[in-house]
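**Student:** Quick check, what structure comes out for this input:
(one chain, ligands or ions: 2)
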Amino acid sequence: MISLEASKRICSTSPKQAAKLARVVVAPFHHQAHNLGLGYTPTLEAAAIAHRSRPSSSTRSFSTTSTKQLRDIFPAKDTPFIRKTPPAWPHPGYTEEEMLAVAPAHRPPKTVGDWLAWKFVRLARWATDLATGIGRDQQVDMKNPTTAVVAQKPLSEAQWLVRVIFLESIAGVPGMVGAMLRHLHSLRRLKRDNGWIETLLEECYNERMHLLVFTKMAEPGWFMKTMILGAQGVFFNAMFLSYLISPKITHRFVGYLEEEAVHTYTRLLKEIENGDLPKWSNPDFQIPEIAVTYWRMPEGKRTMKDLILYVRADEAVHRGVNHTLSNLNQVEDPNPFVSEYKTGSEQQKPHAVLKGTGYEREEVIG
Ligand SMILES: [Fe+2]
Ligand SMILES: [Fe+2]
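**Tutor:** Ligands and ions are numbered 1, 2, ... in the order given. Sure thing, here's the model as predicted:
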């Protein structure tokens, strides 16, 4: 995923240097500065005011860019007629119990294809750990890499932002590739798709929302932008070929990738709860308005911890969905997650959030 040259370069990245990969903002956002329903409103000036009015809480401990220099990298465009553009796929929402029930899980590889997919994901995790500048003391128990979340030393907020922005920029690719290829397959073979395309598109839309939320907290620097560009160039083409050759293995690969995502966000939640991340552990830290709007986060439930609970639950859905899709007949089976079940078989309908290892074909198709 990352070139040798880049690997060598990021190999020596320390937590301090990680901050330099992005202009990191961990200062709380002012909701007043947001244009409700339109996302975050621009604003050098608002950032400067926030900086002046709350000198202690808005001082960034590790940024290389002063708050006054911050800019909104994707400001909402004001047009004469349009009031707001709501999401094409409104988020379905979760209960608190569903979000708290999410836990890291690992589906043991059963076939050669599973094993291949798993090994590729391990390689990607190794490269990401390098890119994030994770030291030995920041590693979890590598014998249980997707379920162990305790490390000697926490990551810094800057390291977390670099990691999640890079991860989310990659995570939004496979759903689009899968949807595109299934769409084209349906057109050229004159066959129906049975509900897979929409779920895959919704998945990549959701991943892009994760990315947009985190880029409200940090603006990637030129080096990170180059890494994202290079990684996307390689990853898109790899996914394209892989999905053409074996959609089954590709869905398994994504299932394993999402195991990593659930693991990453569970560790982040733990570090927030432990108070290891001074800004994000503070319940007064205000998350970007775009997140509040997208997940329709209730008043009083808008801390950084709440935000990560939503993001983690989304990753758990991707994990359950992709492991399940990998278990199905790729050509004929309907997508069980959007299907209506016959009377008496309703209990067979899968619940993606709760089953980390996915459903077997017999359980959901019969
Ligand atoms: Fe994500
Ligand atoms: Fe995901």
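
**Student:** Tell me who's in contact with residue 209.
**Tutor:** Contact partners of residue 209, counting by Cβ atoms under 8 Å, 6 or more residues apart in numbering, are 87, 290, 294. Using the backbone N, CA and C atoms, a C-beta is placed for each residue, glycine as well.

**Student:** Just give me the closest of those to ligand 2.
**Tutor:** residue 294 (14.8 Å; Cβ to the ion).

**Student:** Please report the distance of the closest one from ligand 1.
**Tutor:** Distance of residue 294 to ligand 1, computed by Cβ to the ion, to the nearest Å: 12 Å.

**Student:** Next, report how far the helix or strand that residue falls within is displaced from the centre of its chain.
**Tutor:** For residue 294, the host element (DSSP states H and E) is helix 289-295. Centroid separation between helix 289-295 and its chain, computed with Cα atoms, centre = their mean, to the nearest Å, is 15 Å.

**Student:** Now it: average pLDDT?
**Tutor:** In this model, helix 289-295 has a mean pLDDT of 94.

**Student:** And it, what does it pack against?
**Tutor:** Contact analysis of helix 289-295 by 3 or more Cβ pairs under 8 Å, 6 or more residues apart in numbering; DSSP states H and E lists strand 39-40, helix 196-215, helix 304-327 as its packing neighbours.

**Student:** For the second one, buried residues please.
**Tutor:** It refers to helix 196-215. 196-197, 199-215 (16 or more other Cβ atoms under 10 Å).

**Student:** Likewise for the last one?
**Tutor:** Residues of helix 304-327 classed as buried by neighbour count (16+ other Cβ under 10 Å): 304-327.

**Student:** So what angle separates the directions of it and helix 196-215?
**Tutor:** 150 degrees (axes from the mean of the first three to the mean of the last three Cα atoms, to 10 degrees).

**Student:** check whether helix 304-327 contacts ligand 2.
**Tutor:** Yes. Helix 304-327 reaches ligand 2 (Cβ under 5 Å from the ion) through 315, 318.

**Student:** Residues contacting the very next helix or strand once past that helix, please?
**Tutor:** Scanning forward in sequence from helix 304-327 by DSSP H and E, the next helix or strand is helix 361-364. For helix 361-364, the external contacting residues (Cβ under 8 Å, 6+ apart) are 324, 327, 328, 329, 333, 336, 348, 349, 350.

**Student:** what does stretch 263-283 give?
**Tutor:** Identification of contacts with stretch 263-283 by Cβ under 8 Å, 6+ apart yields 26-28, 61, 102-104, 140, 145-147, 149-151, 154-157, 160, 163-164, 167, 285, 303-305, 308-309, 311-312, 315.

**Student:** Skipping its backbone neighbours, what lies nearest the closest residue to ligand 1 within the chain in space?
**Tutor:** Nearest to ligand 1, among the residues of the chain, is residue 210, at 3.8 Å (Cβ to the ion). In this structure, residue 210 finds its nearest non-sequential neighbour in residue 168, 4.5 Å apart by Cβ to Cβ, 6 or more residues apart in numbering.

**Student:** name the element the one you found belongs to?
**Tutor:** helix 157-171.

**Student:** Give me the next element, helix or strand, following that helix.
**Tutor:** Using DSSP H and E, the helix or strand that follows helix 157-171 towards the C-terminus is helix 173-189.
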